[in-house]
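>>> sequence first, then the predicted structure:
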Amino acid sequence: MALARVPEGMFDFTTTGRADLHIGVMCAFGDANERLETSLTFDQVRERLRHVGFYAPVDDVDLTRSLGQLVAWKLLDVVQNHAGSYATAEEYERKNLQYSLTRKGEAAFAGVQHALAVLSSSGALQTAVLDAIADRLGELEELLKDDDPAVNRRIFTTLQELEGHLDALRNNTKSFNGELQRLMRAEGADLATFSDVKSATVAYLQEFVTNLDVRADAICSALGGLEDRGVSVLHSRALAGAELPPVQGADPAIAWLAARRAKWDGLLLWFRPEEGTPRVRQLHDVARRAIVSLLQVLDRITESRRRSSSAAADFRTLARWFANAPSEDDAHRLWGTAFGLASARHAHLAHADAEPIPTAASWDETPPVEVSALLRTSGRTERMGRTAKVRDVQQLRAERRERARRERAELEAAWQWLATDGPVRLSAFGRVEHDTLRRLLDLIGRALAVRPGGDGLRRAGTTDGRIEVRLWPPPDGRTAELHTPRGRFRGPDYLVDIRFTAAGPARKASGA
């Protein structure tokens, strides 16, 4: 695929000495296009400058030069209005010429607007977009089942919504990833604010990766259903519903279908590629690595707060105290306090055999006394005692392994007991153990935290992805009552379907 080239001089109007005026004039024409006004006269351009926020004084000469330069860059087109009537020669000169954006000018203005929007925006990881993609795919699959040509318009609009959600996912993900990498490289001056931002980012990422695999699998499954019905059929029916206007030259349907195929290929790259890792999985890995990196940075920030100040900073502070000491005596007291000047703690030590040494002998004439290093650091001498027994940790390790094995067995037994062969009433569980009820309520809580589908269905799963729960609201408003050794639990009698994501044993439960 050849690299696309930007037309020469397309954005020169943003880099000249009169860039502010040039951009203001382009914004005036952009505002006119929004109002479906295709051309402006000289006076109308001057009037629109204030509407778009350009308040600097501009004389006729500067505005004429700006319009002429934009025409020279082929961003504006100028024509004469022969149908108008003019009372004076001056009025003819000001209203005879009408300016309008060329196709190149429209592209240049759109490029500047997009660049400014990217600079001012921040990306986001929105699980709602993933849910919307899954919903649109399911809606398209249902619409394709209806052969009525009137449905083609709904297929077209739904496909447009799907592509819009895909573009939002890609753009927000790229922008957020860039911001995330810059955040991990940044070193904030205000450690408190810096730490709060990174802590909030970690929580944000953890919230996003929760149930990300479940959402990705749902989209992949929906893509498979549409591919079974035929992507070409989908695009051809969407083309019929698009009602493209006739144009001169090439058939617009060819370019339209090519654009749809490119969008569909991009959707497959994200969730169902023919080979390689889906990009949504790569996004999951990036988020996981970012969480680890940010937590490491937060640990370093916390550790730096716990460490005392450096020796250089301590000595600088001490120097300021000495400089501000009221008197010399105060400086001596500060010196003694700072450096621990006191009576020698080793003066009470004596030789092992002190009798041969005269009491009147000078200290520099007598042999030295051995001083323990412990006396210097802690102020006490060494005491020799028996070596403590080495603790035998084999029994402790065995107890921990047995406790971990028992907990895994209890967890597996609870999942197998809760697994159903299909949707059942919550009241069908009857009497349950307290820990099993806690895990059941945790699954229901995860499902209630997910936005329901059109039929009220909520899907969620455990963190390890082994268990999936599907939850429907009670159709008749009944109340379920479950009994445990610690009491009774009452709540809505939901329809629940708990299953292993891989093949696994299931508990037999009576139906609804």
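Received it, and whenever you're ready, just let me know what you need. Residues are numbered from 1 along each chain as shown.

>>> identify the residues contacting the helix or strand harbouring V233?
In the assignment (DSSP states H and E), V233 maps to helix 231-242. Here helix 231-242 makes contact (Cβ atoms under 8 Å, 6 or more residues apart in numbering) with 140, 144, 149, 151-157, 159, 226, 253, 256-257, 260-261, 264. The way it works is simple: take the backbone N, C-alpha and C, and place the C-beta from them, glycine included.

>>> give me the buried subset of these.
Those of those that meet the buried threshold are L140, L144, V151, N152, R154, I155, F156, L159, L226, L257, R260, W264, by 16 or more other Cβ atoms under 10 Å.

>>> any idea how far A150 is from the second one?
L144 sits 14 Å away from A150, going by Cβ to Cβ, to the nearest Å.

>>> thinking again about what came up before, next one: the helix holding V233 to chain centre, how far?
34 Å (Cα atoms, centre = their mean, to the nearest Å).

>>> how about stretch 39-55?
41 Å.

>>> what's the mean pLDDT across that stretch?
Taken as a whole, stretch 39-55 has a mean pLDDT of 82.

>>> could I get the buried residue list for that stretch?
S39, L40, T41, F42, Q44, V45, R46, R48, L49, V52, F54.

>>> mind putting those residues in TSV, distance to V496 and secondary structure included?
As requested, the buried residues of stretch 39-55 are arranged in TSV below (distance: Cβ to Cβ, whole Å; DSSP: H, G, I helix; E, B strand; the rest coil):
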residue	distance to V496	secondary structure
S39	65	coil
L40	64	strand
T41	70	coil
F42	72	helix
Q44	66	helix
V45	66	helix
R46	69	helix
R48	62	helix
L49	64	helix
V52	58	coil
F54	62	coil
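
>>> ok, which pair from those is furthest apart?
Within those, S39 and F54 form the most distant pair, 19.5 Å apart (Cβ to Cβ).

>>> which residues sit against the helix or strand harbouring R316?
For R316, the element it lies in under DSSP H and E is helix 311-323. Outside helix 311-323, the residues that touch it by Cβ under 8 Å, 6+ apart are A331, L334, W335, A338.

>>> tabulate the residues you listed in a markdown table, adding columns for neighbour count and distance to D364.
Formatted as a markdown table, the contacts of helix 311-323 follow (neighbours: other Cβ atoms under 10 Å; distance: Cβ to Cβ, whole Å):
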| residue | neighbour count | distance to D364 |
| --- | --- | --- |
| A331 | 15 | 31 |
| L334 | 15 | 31 |
| W335 | 14 | 26 |
| A338 | 13 | 29 |
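
>>> could you save the residues you listed as JSON lines and add columns showing distance to F13 and pLDDT?
Formatted as JSON lines, those follow (distance: Cβ to Cβ, whole Å; pLDDT from 0 to 100):
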{"residue": "A331", "distance to F13": "70", "pLDDT": "89"}
{"residue": "L334", "distance to F13": "68", "pLDDT": "88"}
{"residue": "W335", "distance to F13": "71", "pLDDT": "86"}
{"residue": "A338", "distance to F13": "67", "pLDDT": "84"}
